[in-house]
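In: just coords:
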């Protein structure tokens with residue numbers, strides 16, 4: 001099982017440090033000059049295994065707003081049967097499994113990693129989130145090559161500081177940090193694997209569908225001058241060859257099983273090229289187009305032109321012709337907390353960036369031109385057709401509301417995130433008159449090998465608010481205000497529970513995994529149709545706020561009839577990027593209901609009754 005090699009790789013992290021990792025360089029090589037990058041790791045608690053009774057209670061609480069009365073009674077019986085039957089023995093088995101683990105790992109780590117690597121769907125849309133970097137305010141530094149040079153130089157300074165343990169002590173788990181650079185996901189039958197070469201010294205650049213390698217670290221691991229990096233990037237941009245319409249990046253957007261055979265063919269015929277891409281520090285995409293509107297910028301970070309991407313890479317940065325920067329990352333190795341920590345540091349460093357005016361160094365950008373067999377050409381043409389069709393199915397619409405933000409929510413005495421989530425729930429109720437399985441991501445990186453937990457933000461309280469805000473409902477303004485505050489209290493509790501490792505999703509997921517490892521049939525609780533109403537995520541939501549970012553996170557829906565809702569509430573506004581697969585779901589219809597919901601909440605915040613006057 002090749003997946004096991006990934007686990008062995010995780011357990012041997014210390015052996016993966018490069019031979020030059022503790023060499024001393026000048027301060028110009030480091031984004032930080034600190035000590036003890038990993039010094040706090042021993043003090044991090046292990047992710048707790050919740051009490052079985054608590055997880056069952058929380059599961060029922062999450063099901064209550066989604067199921068009707070008879071369905072809920074069925075589910076209560078299933079939960080009771082689970083608690084009184086196989087549940088306790090699975091809990092004991094999970095506790096024993098956890099005790100036997102290397103203490104750096106959590107009880108859900110192996111199961112969660114296996115879930116990612118055995119997923120056969122395309123990682124494009126399904127697993128890759130996109131972010132948008134802040135713009136450069138200095139017009140003289142906005143050109144594509146200047147932005148790319150500054151970004152690459154700062155990323156390298158971060159890499160070297162991380163490699164040589166010069167970053168300030170990191171407060172969250174650093175187990176996944178080695179995979180931030182020099183890593184790629186490789187398609188394999190049944191389960192993908194990660195590959196990493198800690199000795200690699202190059203980046204891969206994609207421009208006009210063509211691949212290039214640029215050696216940005218010297219033989220002892222020091223960073224090449226920014227002028228030399230700039231010259232290499234300019235050399236790539238000056239390449240006069242016509243664009244390559246069949247870039248190899250199309251392959252990386254296929255479903256994982258469809259990518260396996262083309263990858264084998266390429267490994268056999270272009271092994272050196274594939275190894276160069278796999279081992280690159282990261283990928284830089286120099287796009288041959290502008291991105292100006294919010295939709296264009298967000299789309300470029302989420303998908304962009306697959307001919308000019310390599311989605312299997314640990315992360316890749318995209319720089320448009322007009323200097324807009326996006327970043328996205330392959331999700332199996334790690335979560336947004338790691339990316340945000342890096343990009344905030346890089347953003348601060350880029351503000352201090354000054355191009356080197358003179359240098360004797362010279363780097364040649366090496367062309368990585370594949371020699372394709374007829375089989376590979378046919379496979380690539382087919383991949384382009386499939387991928388473009390898949391992308392064409394997805395709709396993305398940004399929505400912004402400027403009537404309120406965090407400041408208004410705080411003055412009103414409610415949690416800003418509770419209002420963000422309520423906006424989605426009310427809009428869903430107005431759109432489809434139902435409450436649905438909803439996912440909100442919560443980081444658990446404060447624990448050893450903690451990744452995420454699910455906040456089940458669709459609750460009895462959000463449903464009560466959704467009903468009361470219907471224009472035909474008799475609830476008064478005062479009653480709605482009371483419901484908003486009760487909903488806020490509930491949401492804050494759900495968020496705290498998840499952040500403390502006391503959600504129920506990862507726990508029940510691990511129990512189900514243990515049951516499967518024991519070779520037992522799936523449990524009735526999880527195979528019953530009522531469970532799918534909760535587990536099928538029709539509103540997938542997540543928020544990221546950071547100084548380095550503008551706009552909001554974007555990602556695709558995780559079900560055919562669902563919506564992807566990356567969002568951001570700042571001090572005075574609310575922004576979300578709504579993705580869907582029409583006609584099963586509709587971004588435009590949902591945005592219409594977002595608008596009416598925000599208008600009505602604005603009325604509530606300003607003490608106005610938004611409902612039409614009722615006749616006597």
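Out: The structure has been received and is ready for your questions. This one's a predicted model, so the numbers in the text were calculated from it and none came from an experiment.

In: Show the pLDDT at the spatially closest residue to residue 467 that is not a sequence neighbour.
Out: In space, and not counting its chain neighbours, residue 467 is closest to residue 473: 5.9 Å by C-beta to C-beta, 6 or more residues apart in numbering. (Glycine included, C-beta is placed from N, CA and C.) Here the pLDDT value assigned to residue 473 is 96.

In: And the helix or strand containing residue 516, how far out from the chain middle?
Out: Secondary structure from DSSP states H and E places residue 516 in helix 505-517. Helix 505-517 sits 23 Å away from the centroid of its parent chain (C-alpha atoms, centre = their mean, to the nearest Å).

In: What helices and strands are in contact with that helix?
Out: helix 52-63, helix 87-100, helix 109-118, strand 452-455 (3 or more C-beta pairs under 8 Å, 6 or more residues apart in numbering; DSSP states H and E).

In: Name the SS class of the residue nearest to residue 467, please.
Out: coil (DSSP: H, G, I helix; E, B strand; the rest coil).

In: what's around it, how many residues?
Out: 13 (other C-beta atoms under 10 Å).

In: What distance do you get for it to residue 67?
Out: 21 Å (C-beta to C-beta, to the nearest Å).

In: swap in residue 337?
Out: Residue 337 is 33 Å from residue 67, by C-beta to C-beta.

In: try residue 370
Out: 53 Å.

In: How about residue 129?
Out: Applying C-beta to C-beta to residue 129 and residue 67 gives a distance of 30 Å.

In: Check residue 449 too.
Out: Residue 449 is 34 Å from residue 67, where distance means C-beta to C-beta.

In: more neighbours, these two?
Out: Ranked by neighbour count (other C-beta under 10 Å), residue 449 and residue 67 place residue 449 first, with 26 against 18.

In: Centre of the chain to stretch 154-168, how far?
Out: So, by C-alpha atoms, centre = their mean, the centroid of stretch 154-168 is 22 Å from its chain's centroid.

In: ditto for stretch 84-97
Out: Counting by C-alpha atoms, centre = their mean, stretch 84-97 comes out at 31 Å from the chain centroid.

In: Show me what counts as buried in that stretch.
Out: 86-87, 90-91, 93-94, 97 (16 or more other C-beta atoms under 10 Å).

In: Now do the strand or helix carrying residue 590: which elements does it pack against?
Out: Assigned by DSSP H and E, residue 590 belongs to helix 587-605. For helix 587-605, the packing partners by 3+ C-beta pairs under 8 Å, 6+ apart come out as strand 395-401, helix 416-432, helix 477-499, strand 574-580.

In: what would those look like in a markdown table with distance to residue 509, mean pLDDT and mean neighbour count?
Out: A markdown table is the format used below for the helices and strands packed on helix 587-605 (distance: least, C-beta to C-beta, whole Å; pLDDT from 0 to 100; neighbours: other C-beta atoms under 10 Å):
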| stretch | distance to residue 509 | mean pLDDT | mean neighbour count |
| --- | --- | --- | --- |
| strand 395-401 | 29 | 98 | 19 |
| helix 416-432 | 22 | 98 | 23 |
| helix 477-499 | 14 | 98 | 18 |
| strand 574-580 | 25 | 98 | 26 |
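
In: Ok, which of these comes nearest residue 39?
Out: helix 477-499 (22.9 Å; C-beta to C-beta).

In: any idea how far the residue nearest to residue 311 when sequence neighbours are not counted is from residue 375?
Out: Spatially, and ignoring its direct neighbours in sequence, residue 311 is nearest to residue 252 (4.2 Å; C-beta to C-beta, 6+ apart). When distance is defined by C-beta to C-beta, residue 252 is 18 Å away from residue 375.

In: Of these two, give the one with the bigger neighbour count.
Out: residue 252 (27 against 14).

In: looking at this protein, which helix or strand is least sure?
Out: helix 2-11 (a mean of 50; mean pLDDT, DSSP states H and E).

In: residue boundaries of the strands in the stretch 301-450 of the chain?
Out: Taking DSSP state E, counting those that start in this stretch to define them, one finds strands in the stretch 301-450 of the chain at 315-319, 325-329, 366-368, 395-401, 438-443.

In: Show me the one of the ones you listed that comes nearest residue 425.
Out: Of all those, strand 438-443 comes closest under C-beta to C-beta, at 7.3 Å.

In: Can you list the strands that that closest one pairs with?
Out: strand 452-455 (antiparallel), strand 539-543 (parallel) (DSSP bridges).

In: At which residues are the strands of the stretch 101-250 of the chain located?
Out: Counting by DSSP E, counting those that start in this stretch, the strands of the stretch 101-250 of the chain are 130-133, 183-186, 193-196, 202-207, 210-215.

In: returning to what we had before: will you turn the helices and strands packed on helix 587-605 into CSV that also has distance to residue 226?
Out: Putting the helices and strands packed on helix 587-605 into CSV (distance: least, C-beta to C-beta, whole Å) gives the following:
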stretch, distance to residue 226
strand 395-401, 34
helix 416-432, 40
helix 477-499, 40
strand 574-580, 33
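
In: Of all the ones you listed, which one comes closest to residue 175?
Out: helix 477-499 (18.2 Å).

In: That closest one versus helix 52-63: what angle between them?
Out: Angle, helix 477-499 to helix 52-63, by axes from the mean of the first three to the mean of the last three C-alpha atoms, to 10 degrees: 140 degrees.

In: now the angle from helix 477-499 to helix 505-517?
Out: Using the same axes, to 10 degrees: helix 477-499 against helix 505-517 is 50 degrees.

In: Tell me the helices and strands packed up against helix 477-499.
Out: Counting by 3+ C-beta pairs under 8 Å, 6+ apart, helix 477-499 packs on helix 416-432, strand 438-443, strand 452-455, helix 460-468, helix 587-605.

In: Figure out which of these is closest to residue 276.
Out: The nearest among those, by C-beta to C-beta, is strand 452-455 at 32.4 Å.

In: Off-centre distance for the closest one?
Out: With C-alpha atoms, centre = their mean, you get 13 Å for strand 452-455.

In: before we move on, what about stretch 489-506?
Out: For stretch 489-506, the distance to the chain centre is 20 Å (C-alpha atoms, centre = their mean).

In: contacting residues around that stretch?
Out: Applying C-beta atoms under 8 Å, 6 or more residues apart in numbering, the external contacts of stretch 489-506 come out as 47-48, 50, 54-56, 58-59, 62, 108, 112, 415, 417-418, 421-422, 442-444, 446-447, 450, 453-457, 459-461.

In: Is it possible to mark the buried ones in these?
Out: 47, 50, 55-56, 58-59, 62, 108, 112, 415, 417-418, 421-422, 442-444, 446-447, 450, 453-457, 459, 461.

In: Count residues in the vicinity of the closest residue to residue 158 other than its chain neighbours, would you?
Out: Closest residue to residue 158 apart from its sequence neighbours, by C-beta to C-beta, 6+ apart: residue 31 at 4.7 Å. By other C-beta under 10 Å, 24 other residues sit near residue 31.

In: which SS state does residue 31 fall under?
Out: Applying three-state DSSP: residue 31 is coil.

In: Surely it and residue 164 touch.
Out: No: Residue 31 is beyond contact range of residue 164, at 10.8 Å (criterion: C-beta atoms under 8 Å).

In: list the residues that contact both of those two?
Out: By C-beta under 8 Å, 6+ apart, no residue touches both residue 31 and residue 164.

In: where are the low-confidence patches of the chain?
Out: 1-28, 32-33, 355-359, 615-616 (pLDDT under 70).

In: contacting residues around the residue positioned nearest the centre of it?
Out: The chain has residue 129 as the residue nearest its centroid, 4.2 Å off, counting by C-alpha atoms, centre = their mean. Counting by C-beta under 8 Å, 6+ apart, residue 129 makes contact with 302, 328-329, 331, 336, 542, 553-555, 566.

In: Who wins on neighbours among the residues you listed?
Out: That'd be residue 554 among the contacts of residue 129, by other C-beta under 10 Å, with 31 neighbours.

In: That residue and residue 563: what is the separation?
Out: Distance from residue 554 to residue 563, by C-beta to C-beta: 12 Å.
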